[in-house]
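K.L.:
next one to model:
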Amino acid sequence: MQRGHALSLSGRSVLITGGGTGIGAACARRLAAEGWRVAVLGRRHELLERVAGEIGGLAVAADASRAEDMHAAVTLVAERFGGLDALIANAGGHGIGAALETDDAAWRAARLANLDSAFVAAREALPLLLARRGSIVFVSSIAALGAPAEACGYTTFKHAVIGLTRSLARDYGPKGVRVNAVCPGWVRTPMSDEEMQPLMRSRGITLEQAYELVTADAPLRRPASPEEIAAVCRFLISHEASIITGTAIVADGGSTIVDVGTLAFSR
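P.N.:
Next comes the predicted model:
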């Protein structure tokens, strides 16, 4: 549990897991600019400190999948901010490989990164969120709605995040807590850049060309920026979304609306 920087005394408060980079860092910047008090949580402390220093927030070094870490993090946030209005559970990770290529250790790692991190963070934050009738946003993936090739662990546990969203929304909606998920497609983040490397090597193409290739059949023909996904998260925890709960908002440039069976006719 590490230190805070100068914190605003006004505004609502949010805890963002996986807050040191990518979508989480973009959420932190967007919300801090709007007056939210922001805590960013993750395992890479230097990245967290950089974001927290930039926005005047709180950096919390912790593993979102570990109950003791999340309990301590929530306690710290309560002490510094006086409560909690929103949780953006953005922590996630890989789960690459078909079933026969996924051993028990890889399966557990995928579960911890993509499902346990969401469940544990939500469970530990719920008492504070109930006190303020707050909200939760889980960052899932369009892999929760379909099945990318050879990503058994990732696909399975991102699907499970949608079930978690619905379960929590059903149980805690009567007590004033809203719970939703965001399902991005390709987003230009460091993790996605890493995923592009095998494609770049096999095709002999640049990173920019790799993103063009993987979004070639999406109607908008491009990946999202982290800031675009942050805007969706911001909407879902705002008062403007006060009637929305238990849903999964797809933010994928239209990828999931494409009828793959007719693609040959458009080429």
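
K.L.:
which stretches of the stretch 51-200 of the chain form strands?
P.N.:
58-61, 86-89, 135-139, 178-184 (DSSP state E, counting those that start in this stretch).

K.L.:
wait, what's in contact with the residue nearest the centre of the chain?
P.N.:
In the chain, the residue lying closest to the centroid (Cα atoms, centre = their mean) is N90, at 2.4 Å. Residues near N90 by Cβ atoms under 8 Å, 6 or more residues apart in numbering: 16-19, 22-24, 27, 139, 233. Every residue, glycine included, has its C-beta placed from N, CA and C.

K.L.:
re earlier: for the strands of the stretch 51-200 of the chain, give me CSV that also has distance to P223, mean pLDDT and mean neighbour count.
P.N.:
Shown next, in CSV, are the strands of the stretch 51-200 of the chain (distance: least, Cβ to Cβ, whole Å; pLDDT from 0 to 100; neighbours: other Cβ atoms under 10 Å):
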stretch, distance to P223, mean pLDDT, mean neighbour count
strand 58-61, 28, 97, 25
strand 86-89, 20, 98, 29
strand 135-139, 15, 98, 28
strand 178-184, 9, 98, 25
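
K.L.:
quick revisit: any idea of the pLDDT on the residue nearest to the centre of the chain?
P.N.:
pLDDT for N90: 97.

K.L.:
same check on G93?
P.N.:
89.

K.L.:
so how far is R50 from it?
P.N.:
20 Å (Cβ to Cβ, to the nearest Å).

K.L.:
do I have it right that L130 meets G176?
P.N.:
Yes. Shown here, L130 and G176 form a contact pair, counting by Cβ atoms under 8 Å, at 7.1 Å.

K.L.:
tell me which residues in stretch 184-191 are buried?
P.N.:
By neighbour count with 16 or more other Cβ atoms under 10 Å, stretch 184-191 contains the buried residues 184-189.

K.L.:
contact partners of it?
P.N.:
Counting by Cβ under 8 Å, 6+ apart, 21-23, 93-94, 139, 141-142, 192, 211, 214-215, 218, 223-226, 228-229, 251-253, 255-256 sit against stretch 184-191.

K.L.:
now the buried members of those residues.
P.N.:
21-23, 93-94, 139, 141-142, 192, 211, 214-215, 218, 223-224, 226, 228-229, 251-253, 255.
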